[in-house]
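S.K.: Provide a 3D model corresponding to the input given below.
(one chain, ligands or ions: 1)
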Amino acid sequence: MDNVELPVIRVAEVIKHRQLHEGRAAVPGGHIGPSDVGGCRKRAVYSKVGADKVEPDYWLGAAMGTAWHAYLEELVASMVYNSYDDLTPSAWVTEHEMNITLGSQTIHGTADLIVPELNLVIDWKTSGNVEWVKKFGINEQQALQGTCYAIGAAQEGLIELDKATVMIVHWDRSASQQEPIIHFFPVTQELMDDAVDWVASVTDTSDPESLPREAPPSFCYNLCQFVDVCRGQHEDEIDDAQDPEIVEAVNVIQEQKAIVKEANAVKKEAEKKLDHFHGGVVGDTKVGWVRVEAKTIQSYERAAYSRLQLTKIRRKK
Ligand code: SF4
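M.R.: As a prediction, this is how the structure comes out:
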């Protein structure tokens with residue numbers, strides 16, 4: 001029975017290998033893809049110059065995203081004429097590989113779904129927690145990525161750019177949110193200019209050290225393969241982050257922590273009031289006591305992981 005887990009471990013190894021080395025998202029070394037545009041420039045330049053990489057710990061979420069994209073591709077391809085008279089799914093274009101010319105540069109990518117009759121480009125996203133997207137919408141990187149696909153689709157004559165709409169659709173990987181979360185926007189000149197500028201700024205330099213860090217540590221330590229060369233193993237410094245999204249994220253976490261702390265205190269008080277209640281039905285809630293028997297819980301080894309830590313700092317006056 002010692003080897004009973006081996007097949008599963010082997011399957012996990014194969015998934016990880018495919019995701020890291022053969023996956024849909026894997027852009028051949030050093031090439032910039034639409035999903036890079038608007039992200040950390042330093043990372044793109046590290047990739048361009050072939051800096052040393054570490055193997056990321058985080059691969060399962062990406063594998064699930066790849067599987068979901070494959071499922072959607074198959075589903076859309078099998079869709080037939082239905083009650084939407086004006087739509088013809090057979091003319092929709094799924095998983096379409098394209099070259100995208102941005103200024104003097106050409107990048108390569110795969111658009112998830114193009115609906116030519118609506119001048120629409122759809123980018124599927126899977127996310128472990130969609131609450132952030134529901135509350136704050138999509139980020140600049142997602143907007144620029146969608147814009148790149150729209151530009152590519154227009155350059156291939158599939159859509160008209162001045163009438164184009166980009167739709168970013170988030171699916172909740174945890175399945176706690178059953179409906180897709182949809183954001184859409186027109187392709188503006190400003191977005192197109194931003195995409196061109198981003199690509200130009202990355203192709204103009206071969207010195208990643210000359211660029212600032214443009215991603216938060218949570219992204220770097222979990223998702224960036226250049227984290228060692230960029231941030232080193234241990235960083236002991238306090239940056240004053242200026243990125244409004246980071247500032248907002250920290251403020252939201254602190255606010256929510258305060259709310260949870262208060263809510264827990266209130267819940268504890270409420271629970272105390274039930275100490276001598278034997279049980280019964282209260283409104284639509286059945287209340288009762290369940291005996292939890294003593295049990296020896298075996299210890300287990302926990303894999304290393306990165307935990308976000310927010311600590312209040314005192315600033316010198
Ligand atoms: S570690 Fe973070 S800041 Fe550095 S290159 Fe990677 S994503 Fe950018």
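
S.K.: how near is Lys268 to the ligand?
M.R.: 40 Å (Cβ to the nearest ligand atom, to the nearest Å). All C-beta atoms are positioned from the backbone trio N, CA, C, and that covers glycine.

S.K.: pretty sure that residue is in a helix, no?
M.R.: Yes - judged by DSSP: H, G, I helix; E, B strand; the rest coil, Lys268 forms part of a helix.

S.K.: can you count the residues close to it?
M.R.: Lys268 has 9 neighbouring residues, counting by other Cβ atoms under 10 Å.

S.K.: now swap in the one 5 residues further on and tell me
M.R.: Counted with other Cβ under 10 Å, residues neighbouring Lys273 total 8.

S.K.: if I look at it, how far off is Val287?
M.R.: Noted for Lys273: a distance of 11 Å to Val287, by Cβ to Cβ, to the nearest Å.

S.K.: and if you look at Gly103?
M.R.: 66 Å.

S.K.: just Asn129 next, same as before
M.R.: 31 Å.

S.K.: so, low pLDDT: which residues of the stretch 101-250 of the chain?
M.R.: Along the stretch 101-250 of the chain, the parts satisfying pLDDT under 70 run over 233-240.

S.K.: the ligand contacts on that one?
M.R.: The stretch 101-250 of the chain has residues 213-215, 219-220, 224, 226-227, 230-231 near the ligand, with proximity defined as Cβ under 6 Å from any ligand atom.

S.K.: just the buried positions in stretch 59-76, please.
M.R.: 59, 62-63, 65-66, 69, 72-73, 76 (16 or more other Cβ atoms under 10 Å).

S.K.: could you list which of those belong to helices?
M.R.: 62-63, 65-66, 69, 72-73, 76 (DSSP state H).

S.K.: and of the residues you listed, the nearest to the ligand?
M.R.: Taking Cβ to the nearest ligand atom as the measure, the ligand sits nearest to Ala62 out of those, at 15.5 Å.

S.K.: contact partners for the residue minimising distance to the centre of the chain?
M.R.: What sits nearest the mean C-alpha location of the chain, by Cα atoms, centre = their mean, is Ser127, with 5.5 Å. Neighbour list for Ser127: 133, 170-173 [criterion: Cβ atoms under 8 Å, 6 or more residues apart in numbering].

S.K.: likewise for Glu73?
M.R.: Glu73 touches 94-95, 112, counting by Cβ under 8 Å, 6+ apart.

S.K.: let's go with 6 Å and repeat that
M.R.: For Glu73, the contacting residues are 94-95, by Cβ atoms under 6 Å, 6 or more residues apart in numbering.

S.K.: what's the neighbour count on Glu214?
M.R.: Counted with other Cβ under 10 Å, Glu214 comes out at 16.

S.K.: could you find the closest non-adjacent residue to it?
M.R.: The spatial neighbour of Glu214 that comes closest, neighbours along the chain excluded (Cβ to Cβ, 6 or more residues apart in numbering), is Cys40 at 4.1 Å.

S.K.: phi, psi of that neighbour?
M.R.: Dihedral angles of Cys40 (phi, psi; degrees, to the nearest 10) stand at phi -70, psi 120.

S.K.: same check on Ala111?
M.R.: phi -80, psi 140.

S.K.: what does Gln105 give?
M.R.: phi -110, psi 150.

S.K.: what is the neighbour count of it?
M.R.: For Gln105, using other Cβ under 10 Å, the count is 14.

S.K.: could you report the separation of it from Glu55?
M.R.: From Gln105 to Glu55 the distance is 29 Å (Cβ to Cβ).

S.K.: tell me how far Val54 lies from the ligand.
M.R.: For Val54, the distance to the ligand (Cβ to the nearest ligand atom) stands at 10 Å.

S.K.: should've said Glu97
M.R.: 26 Å.

S.K.: now do the contacts for that residue.
M.R.: Glu97 touches Thr110, counting by Cβ under 6 Å, 6+ apart.

S.K.: who's it bridged to?
M.R.: Thr110 (DSSP bridges).

S.K.: would Ala154 count as being in a helix?
M.R.: Yes - secondary structure of Ala154 (three-state DSSP): part of a helix.

S.K.: rewinding a little: adding secondary structure, write the residues of the stretch 101-250 of the chain next to the ligand out as CSV.
M.R.: Listed next are those as CSV, based on three-state DSSP:
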residue, secondary structure
Arg213, coil
Glu214, coil
Ala215, coil
Phe219, helix
Cys220, helix
Cys224, coil
Phe226, coil
Val227, helix
Cys230, helix
Arg231, helix
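
S.K.: using PyMOL, define a selection of the buried residues within these.
M.R.: Selection of the buried residues among these in PyMOL, burial being defined by 16+ other Cβ under 10 Å:
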select buried, resi 213+214+215+220+224+226+227+230+231
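
S.K.: from the residues of the stretch 101-250 of the chain next to the ligand, which two are the most distant?
M.R.: Largest separation among these by Cβ to Cβ: Glu214 and Val227, giving 13.5 Å.
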